[in-house]
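Student: No letters, just coordinates:
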């Protein structure tokens, strides 16, 4: 996740395996994610490990502003293996090297 200068000082990341039930997998706050001092610190990697298997959706909820400008996310990337049911079984459709986002 890459923030612009208007970052959230508190936020949650939820994932779903069925797009109905959502599980909170990360809470970002000033304790585990201090105020960014430079552009490099606006990039945040959140490895999910086993929790990331089978994800169909991601929800990102900003709770508290880190600046007076609101919230602005430049980019969110997710990496891992993607699977789709086709032809009676799972067919690999894409794969990336990085296991986190």
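Tutor: It's in. On a predicted model such as this, the values are computed, not experimentally measured, just so you know. Numbering: from 1, shown residues only.

Student: Okay, residue 52 and residue 21: tell me how far apart.
Tutor: From residue 52 across to residue 21, the span is 16 Å (Cβ to Cβ, to the nearest Å). Using the backbone N, CA and C atoms, a C-beta is placed for each residue, glycine as well.

Student: Check which residues of stretch 67-82 are buried.
Tutor: In terms of neighbour count (16 or more other Cβ atoms under 10 Å), stretch 67-82 has its buried residues at 71, 73, 78, 80.

Student: what's near enough to touch the first one?
Tutor: What it means is residue 71. By Cβ atoms under 8 Å, 6 or more residues apart in numbering, residue 71 lies in contact with 6-8, 62, 65.

Student: Over to the second one?
Tutor: By Cβ under 8 Å, 6+ apart, the contact set of residue 73 is 1-4, 60.

Student: circling back: just to be sure, which of the buried residues of stretch 67-82 are found in strands?
Tutor: Taking DSSP state E, the ones among those that sit in strands are residue 73.

Student: Distance to residue 43 and pLDDT added to the buried residues of stretch 67-82, as CSV?
Tutor: Below are the buried residues of stretch 67-82 laid out as CSV (distance: Cβ to Cβ, whole Å; pLDDT from 0 to 100):
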residue, distance to residue 43, pLDDT
71, 16, 91
73, 11, 90
78, 14, 81
80, 18, 73
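
Student: circling back to that earlier point, comparing residue 52 and residue 21, which residue is more hemmed in?
Tutor: Taking neighbours as other Cβ atoms under 10 Å, residue 52 and residue 21 compare with residue 52 leading, 19 against 9.

Student: my read: the more buried one touches residue 79, true?
Tutor: No: in this structure residue 52 lies outside contact range of residue 79 using Cβ atoms under 8 Å: 9.1 Å.

Student: What ranges in the chain fall below the confidence cut-off?
Tutor: Low-confidence segments of the chain (pLDDT under 70): 81-101.

Student: can you give me the strands for it?
Tutor: All strands of the chain, identified by DSSP E, fall at 2-3, 8-16, 23-28, 57-65, 73-75, 81-86, 89-95.

Student: Pairing partners for the fifth one, with directions?
Tutor: Neighbouring strands of strand 73-75 in its sheet, by DSSP bridges, are strand 2-3 (antiparallel).

Student: Good, wrapping up.
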